[in-house]
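Enquirer: Here is the input, now give the coordinates:
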Amino acid sequence: MFNSLKNLNLDFKVVEKSGRFPEEKTFEFYVGYKDSWHRLLIIKFFHGRQPFYRKWIEIFFISPEIVISEKKYRFLNSEEERKLIECLSRFIDAGERIFIEYIYDVETWKALEMGTPPHLTRLGFMLLENGFTWFKDWYFPEGFMEGNPKIQAEKPVDDIAKNRHLKELCIETSIFAEKAMKFIQQNIYRKIFESVYNRIEKILNTMCKNMT
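Expert: Down below sits the predicted model:
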């Protein structure tokens, strides 16, 4: 998956550790060159505890860019970032969730700070494309164990929930379109909101087209 690392002659390794519970595993991803290693991100995988708790995945401590001995690897906006989210999304079933810290992604962070619905941000839209239909911005984590601000996304439990979620997303998208355009016209984070508006048009012209 990490072809860019091979092109830069960089090494890659994953360190697996036990979690807080028997059902939880932690995977630390590292990028290295010779004897120097830098952590790229951490993935926490909770396999679920039936019938009480469903499976979830959390991605955190993400480095947008790593520089080792003048070799620069940029994870943010890379094909590897997209493929990783696609891959992890396949492990998430109906009613299950994923959490992604977004402080490494200034575009998502600033858009959320300005009131953008999570599914219209760069990270949120990738999750929407991978089957997630319910979103929450944990902009102020509760308690010291919750970590940094993150997006929570869930897959619908069934088609009824999916249709309900999509209708709600379409309403949110339509309402926010005017605000996004005002930000663009007022030159407030213009580049960010031009991207947001492009996502708005794509959503309204595809998944919302036949919504009533």
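Enquirer: The chain: strands as residue ranges?
Expert: Assigned by DSSP state E, the chain shows strands spanning 11-18, 24-33, 36-46, 56-60, 65-68, 71-74, 97-101, 134-138, 150-154.
Enquirer: what comes into contact with the first one?
Expert: I take that to be strand 11-18. 2, 5, 24-33, 37 (CB atoms under 8 Å, 6 or more residues apart in numbering). No exception for glycine: its C-beta is placed from N, CA and C like everyone else's.
Enquirer: go again using 10 Å as the cut-off
Expert: 1-2, 5-6, 24-34, 36-37, 39-40, 42-45, 68, 73, 80 (CB atoms under 10 Å, 6 or more residues apart in numbering).
Enquirer: That one vs strand 36-46, what angle?
Expert: Strand 11-18 and strand 36-46 meet at an angle of 40 degrees, taking axes from the mean of the first three to the mean of the last three CA atoms, to 10 degrees as the criterion.
Enquirer: contacts for stretch 168-184?
Expert: 111, 114-120, 128, 133-135, 188-204, 207-209, 211-212.
Enquirer: so where is the protein shaky, pLDDT-wise?
Expert: 1-2, 140-146, 212 (pLDDT under 70).
Enquirer: Identify the residue nearest the geometric centre of it.
Expert: Centroid-nearest residue in the chain: Leu123, 4.2 Å away (criterion: CA atoms, centre = their mean).
Enquirer: quick one: that one and Asp105 touch, right?
Expert: Yes - counting by CB atoms under 10 Å, Leu123 touches Asp105, with 5.7 Å between them.
Enquirer: ok so, going back, dump the strands of the chain into CSV; add mean neighbour count and distance to Arg90 as well.
Expert: Below are those laid out as CSV (neighbours: other CB atoms under 10 Å; distance: least, CB to CB, whole Å):
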stretch, mean neighbour count, distance to Arg90
strand 11-18, 12, 18
strand 24-33, 17, 16
strand 36-46, 17, 13
strand 56-60, 20, 11
strand 65-68, 16, 26
strand 71-74, 15, 24
strand 97-101, 21, 11
strand 134-138, 18, 18
strand 150-154, 23, 14
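Enquirer: nearest to Asn163, of the ones you listed?
Expert: strand 134-138 (12.3 Å; CB to CB).
Enquirer: quick revisit: could you name every residue contacting both of Leu123 and Asp105?
Expert: In terms of CB under 10 Å, 6+ apart, Leu123 and Asp105 are both contacted by the residues Glu81, Ala111, Leu112, Ile151.
Enquirer: if I pick the first one, what's in contact with it?
Expert: Read that as Glu81. Leu41, Ile62, Pro64, Arg74, Phe75, Tyr104, Asp105, Leu123, Met126.
Enquirer: For it, give its distance to Ser36.
Expert: 22 Å (CB to CB, to the nearest Å).
Enquirer: Kindly report the same for the third one.
Expert: Taken as CB to CB, the spacing of Leu112 relative to Ser36 amounts to 34 Å.
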